[in-house]
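K.L.:
just to be clear, the model below is a prediction. Sequence and coordinates:
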Amino acid sequence: MTIDRRSFLKSAAAITAATVVTGCAKSQQGDNQSTPLAAQGKSVMGLAVPAMDVVRVGFIGVGQRGSGHVKHLCHIEGVEIKAICDTDKLMLDKSVNYVIEKGLPKPTAYTGSDKAYLDMLARDDIDIVIISTPWKWHTPMSVETMESGKHAFVEVPAATTMEECWQLVNTAERTQKNCMMMENVNYGRDELMVLNMVRKGVFGELLHGEAAYIHDLRWQMKEIDRSTGSWRTYWHTKVNGNLYPTHGLGPVSQYMNINRGDRFDFVTSVSSPALGRAAYAEREFPAGHERRSLKFTAGDMNTSIIKTVKGRSIMVQHDTTSPRPYSRHNLIQGTNGTFAGFPNRIALEDVPPAIAKIYQQQYEAELAAWEKAGSQGRKPHMQNFHSWDQDMEKWRAEFDHPLWKRMGEEAVRNGGHGGMDFIMLWRMIYCLRNNEPLDQDVYDAAAWSSIFPQSMASVADRSNSKTIPDFTRGAWQTGKPLGIVS
């Protein structure tokens with residue numbers, strides 16, 4: 001019997017939606033889902049799909065994030081943008097017109113309802129789908145994309161419940177399709193440099209990491225009818241925990257080979273009072289405004305501690321409410337020293353020879369100047385681990401990642417959070433065109449996203465620890481660590 005593909009996708013959508021509703025109810029009850037579920041297919045660890053001469057792309061969501069992805073892919077070789085879907089016709093038309101203005105074929109536009117994307121998924125001339133929609137759609141759309149025979153690339157977080165994490169894993173294994181969470185921070189220049197340093201053993205054996213998303217986003221509460229604040233504001237009224245863990249956690253996880261030699265074991269989490277957003281609403285909105293009536297439950301600062309199976313610790317923080325400078329922390333500590341971000345600084349005991357030579361030259365110059373001045377003031381001392389070295393240029397000269405050396409200039413020219421967005425997309429396309437595994441897989445998407453619901457379960461349970469499941473079903477023990485691609 002011939003089954004209409006769109007009818008099948010509609011049925012799949014209904015099943016997924018029902019499962020998500022059930023999952024939300026379970027998550028609110030603190031269901032850990034810590035026991036690995038029965039595998040529905042084979043592992044996708046190291047999945048490399050047949051090389052594509054041209055990667056044919058469809059987009060679901062072209063708002064603030066998706067529109068940027070459209071622009072970047074118009075400047076990457078080997079890409080055809082086939083279709084774009086968005087419920088906001090204004091944003092949809094902008095992205096379609098941008099593609100046309102670049103002299104590329106006009107992509108088909110899909111709009112008109114929340115399920116218009118199902119018509120796009122029914123096509124057979126699309127290889128990958130980039131999903132940049134509100135969080136509640138991430139897992140359902142990713143599942144439906146894989147079920148339709150396409151690879152899913154989804155914005156962060158990939159899932160908001162433990163049940164959704166398992167849905168992503170099970171679907172990827174059953175369909176043998178990629179499901180990559182597009183954690184762009186992994187492709188930042190500093191993060192790539194530190195990954196290179198870690199792989200070269202500069203910090204010794206790794207012990208501890210720190211990660212964060214500290215970003216004052218109270219202004220988004222003024223986005224009422226469209227843009228991120230129109231839906232993200234309400235998450236602060238529904239839950240209490242780390243709402244957005246992956247920007248800081250992704251790079252630290254790659255430093256530590258999470259899911260590729262180590263994995264998360266459990267997490268414990270605490271939240272501060274939720275005061276800042278209510279105070280902001282009272283100050284910024286007139287009496288009777290809907291924003292002033294909201295009851296905010298997400299603590300202004302959430303701090304979670306993850307323990308890995310190998311005994312390492314990771315601190316992850318979330319605060320999008322307090323008036324303070326932006327930070328992702330990005331700290332990695334080993335037996336030989338530490339790198340810390342925001343601002344970037346390094347302290348090492350055993351310094352690499354090229355850096356040690358620079359330290360010696362600096363010391364000799366400062367000592368000569370001190371002696372010439374009559375030995376006035378404090379005598380210069382050789383740089384060591386008792387003080388931070390904040391001059392990054394020499395470290396970049398020695399340890400810049402090969403990918404950044406090759407693509408950095410073009411990435412900065414094309415933009416996107418300092419170039420990291422462009423490099424991420426370029427790397428995705430490169431892997432698909434060259435039969436190489438992606439840098440991030442569905443197990444990363446599930447594990448990193450799981451801190452969202454498990455931190456909430458911990459906060460609700462007097463900060464008792466919550467198990468992080470082994471989404472890889474044991475494959476982490478033999479998974480190949482992410483290499484330094486050239």
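P.N.:
Now that the structure is in, tell me what you want to look at. Numbering: from 1, shown residues only.
K.L.:
tell me the confidence at the closest residue in space to residue 367 that isn't next to it in sequence?
P.N.:
Spatially, and ignoring its direct neighbours in sequence, residue 367 is nearest to residue 380 (5.1 Å; Cβ to Cβ, 6 or more residues apart in numbering). Every C-beta, even on glycine, is put in place using the N, C-alpha and C of the backbone. You'll see residue 380 listed with a pLDDT of 92.
K.L.:
and residue 380, what element?
P.N.:
Assigned by DSSP states H and E, residue 380 belongs to neither a helix nor a strand.
K.L.:
contacts only, for it.
P.N.:
By Cβ atoms under 8 Å, 6 or more residues apart in numbering, the contact set of residue 380 is 363, 366, 367, 370.
K.L.:
in helices, which of those residues appear?
P.N.:
Judged by DSSP state H, the contacts of residue 380 include 363, 366, 367, 370 as members of helices.
K.L.:
surely the first one touches residue 370?
P.N.:
No. Taking contact to mean Cβ atoms under 8 Å, the distance of 10.3 Å between residue 363 and residue 370 leaves them out of contact.
K.L.:
pull the number of nearby residues for the residue nearest to residue 223 when sequence neighbours are not counted.
P.N.:
Of all residues not flanking residue 223 in the chain, residue 229 sits nearest, at 3.1 Å (Cβ to Cβ, 6+ apart). Residues near residue 229, counting by other Cβ atoms under 10 Å, number 18.
K.L.:
need the phi and psi values for residue 229.
P.N.:
Residue 229 adopts backbone torsions of phi -60, psi -20, taken as degrees, to the nearest 10.
K.L.:
low-confidence ranges, this structure, go.
P.N.:
Across the chain, the ranges flagged by pLDDT under 70 are 1-37, 486.
K.L.:
mind listing the strands in it by residue range?
P.N.:
With strands called from DSSP state E, the chain shows them at 55-60, 79-85, 108-110, 128-131, 151-154, 179-181, 206-214, 264-271, 302-308, 313-319, 331-334, 337-340, 345-348, 466-467.
K.L.:
residues in contact with the nearest residue to residue 77 once chain neighbours are set aside?
P.N.:
Nearest non-adjacent residue to residue 77, counting by Cβ to Cβ, 6+ apart: residue 429, 8.0 Å away. Applying Cβ under 8 Å, 6+ apart, we find residue 429 in contact with 55, 73, 76, 77, 78, 79.
K.L.:
tell me which of the residues you listed is nearest to residue 102?
P.N.:
Minimum distance to residue 102 across the contacts of residue 429 is 10.1 Å, recorded for residue 73 (Cβ to Cβ).
K.L.:
ok, now how distant is the closest one from residue 134?
P.N.:
Distance of residue 73 to residue 134, given as Cβ to Cβ, to the nearest Å: 22 Å.
K.L.:
show me which of these two is the more surrounded one.
P.N.:
Legend: neighbour count by other Cβ under 10 Å for residue 73 and residue 134, higher for residue 73 (23 against 15).
K.L.:
distance check, that one against residue 130.
P.N.:
In this view, residue 73 and residue 130 are 8 Å apart by Cβ to Cβ.
K.L.:
give me the common contacts of these two.
P.N.:
Applying Cβ under 8 Å, 6+ apart, one finds that residue 73 and residue 130 are jointly contacted by residue 57.
K.L.:
now, which of the contacts of residue 429 sits nearest residue 282?
P.N.:
Nearest to residue 282 among the contacts of residue 429 is residue 73, at 42.9 Å by Cβ to Cβ.
K.L.:
does that closest one touch residue 84 like I think?
P.N.:
No. Using Cβ under 8 Å, residue 73 is not in contact with residue 84; the gap is 11.0 Å.
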